[in-house]
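In: Pasted the sequence and its predicted model underneath.
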Amino acid sequence: MHNIKLTVAYDGTEFHGWQSQPGQATIQGALADVLRKITQENIQIHAAGRTDAGVHALGQVAHFKTRSELTAGEFQRAFNALLPATIRVVASEEVGPDFHARWNALSKKYQYRIYRGRVVPPFEWRFVLHYPFPLDEEAMLKAARVFEGEHDFTSFAASSGSEEEDKDRTTVRVIYSAEVMREGEELTFRVRGKSFLRYMVRKMVGTLIEAGKGRLKPEEIETLFAVKDRSKSGMTVPPQGLCLMAVEYPEVWKG
């Protein structure tokens with residue numbers, strides 16, 4: 001068996017997230033369909049994380065195991081010839097049998113873009129939240145730093161969608177860095193952490209907007225960790241501004 005690692009970029013606008021769903025267009029489903037055509041095998045593809053409907057990626061990582069003797073480069077060319085143009089395999093390599101895209105990940109980096117200008121350029125609207133209203137950006141910068149460290153993120157997460165998973169999951173997460181940056185007409189939230197709960201980054205951004213509006217003091221985020229109540233944090237912002245930028249691993253895995 002060969003273990004193939006893929007780095008995948010996609011525009012998630014027209015997809016119902018990563019995970020395969022009956023009757024829905026998904027990233028995992030599109031990749032699996034191509035693999036069946038190439039290998040005549042029913043192959044399970046595992047990702048570093050399951051992005052939600054409408055969320056994008058520049059550096060999603062996935063892997064699959066196959067009996068096919070195609071090289072990693074041949075797989076990449078076949079994927080890009082058969083996938084829709086909104087999904088691209090940007091890198092492909094054979095790795096050792098123990099590599100797992102999810103379980104070996106050290107951290108993930110996400111970015112959320114907020115367009116602050118009066119009019120969104122037509123080639124940007126799929127990838128930003130348009131928010132031209134007044135915000136205290138300095139307060140948002142200070143609030144973002146409060147997310148750093150190990151915290152219980154119950155107040156910043158939705159249900160996983162599975163009662164069984166919710167019962168067994170821990171809501172404690174470690175955030176290595178969180179920052180808000182102004183770049184031209186955009187305000188960008190960048191966050192790097194070990195792992196993330198469902199909707200967690202989008203709830204964090206919604207909470208930062210509350211801080212920007214003056215409705216929440218940066219230091220009050222500590223209280224939100226303590227109360228463990230989703231209704232107390234900010235709104236879940238729309239998915240289109242969110243992008244999985246990269247996944248980090250402890251070493252380079254080679255076959």
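Out: Looks like it arrived, so ask away. Residues are numbered from 1 along each chain as shown.

In: use CA for all of it now, contacts and neighbours both
Out: Will do.

In: So which residues of the stretch 51-200 of the chain form helices?
Out: Secondary structure of the stretch 51-200 of the chain (DSSP state H, counting those that start in this stretch): helices at 72-82, 137-146, 163-168, 200-213.

In: Including mean neighbour count, mean pLDDT and distance to residue 118, could those go into a markdown table?
Out: Below are the helices of the stretch 51-200 of the chain laid out as a markdown table (neighbours: other CA atoms under 10 Å; pLDDT from 0 to 100; distance: least, CA to CA, whole Å):
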| stretch | mean neighbour count | mean pLDDT | distance to residue 118 |
| --- | --- | --- | --- |
| helix 72-82 | 16 | 97 | 37 |
| helix 137-146 | 20 | 96 | 17 |
| helix 163-168 | 10 | 54 | 41 |
| helix 200-213 | 23 | 97 | 17 |
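
In: I'd like those helices laid out as TSV, including distance to residue 153.
Out: Compiled in TSV, those are given as follows (distance: least, CA to CA, whole Å):
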stretch	distance to residue 153
helix 72-82	37
helix 137-146	12
helix 163-168	13
helix 200-213	8
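
In: and of these, who's closest to residue 35?
Out: With CA to CA as the measure, helix 72-82 is the member of the helices of the stretch 51-200 of the chain nearest residue 35 (7.9 Å).

In: And the closest one, what does it pack against?
Out: Under the contact definition 3 or more CA pairs under 8 Å, 6 or more residues apart in numbering; DSSP states H and E, helix 72-82 sits against helix 27-39, strand 87-95.

In: Columns mean neighbour count on top of the ones you listed, output as a markdown table?
Out: Output for the helices and strands packed on helix 72-82, formatted as a markdown table (neighbours: other CA atoms under 10 Å):
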| stretch | mean neighbour count |
| --- | --- |
| helix 27-39 | 18 |
| strand 87-95 | 20 |
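
In: Residue 197: which of these is closest?
Out: When the helices and strands packed on helix 72-82 are compared (using CA to CA), the closest one is helix 27-39, at 19.3 Å.

In: how far does whatever helix or strand comes next after the closest one sit from the chain's center?
Out: Read in the C-terminal direction, the helix or strand following helix 27-39 is strand 46-47, with elements assigned using DSSP states H and E. The chain centre lies 13 Å from the centre of strand 46-47; the measure is CA atoms, centre = their mean, to the nearest Å.

In: which other helices and strands contact strand 46-47?
Out: Contacting strand 46-47 under the criterion 3+ CA pairs under 8 Å, 6+ apart are the following elements: strand 56-66.

In: ok, and what's touching the strand it packs on?
Out: Defining contact as CA atoms under 8 Å, 6 or more residues apart in numbering, one finds that strand 56-66 is touched by 1-13, 39, 41, 43-49, 100-102, 127, 240, 242-247.

In: Which of those fall within strands?
Out: Here DSSP state E is the test, and these give 2-10, 46-47, 242-247 as lying in strands.

In: Nearest to residue 108, out of the helices of the stretch 51-200 of the chain?
Out: Of all those, the one in closest proximity to residue 108, counting by CA to CA, is helix 200-213 (11.5 Å).

In: Give me the number of neighbouring residues for residue 199.
Out: A count of nearby residues for residue 199, using other CA atoms under 10 Å, gives 19.

In: Please name the nearest non-neighbouring residue to it.
Out: Spatially, and ignoring its direct neighbours in sequence, residue 199 is nearest to residue 157 (5.5 Å; CA to CA, 6 or more residues apart in numbering).

In: Surely the one you found is in contact with residue 207?
Out: No: using CA atoms under 8 Å, residue 157 and residue 207 do not qualify as a contacting pair, with a distance of 11.9 Å.

In: Can you tell me what sits against stretch 141-157?
Out: Contacts of stretch 141-157 from elsewhere in the structure, counted by CA under 8 Å, 6+ apart, are 171-181, 197-201, 203-204, 208, 211, 217-219, 221-222, 224-233.
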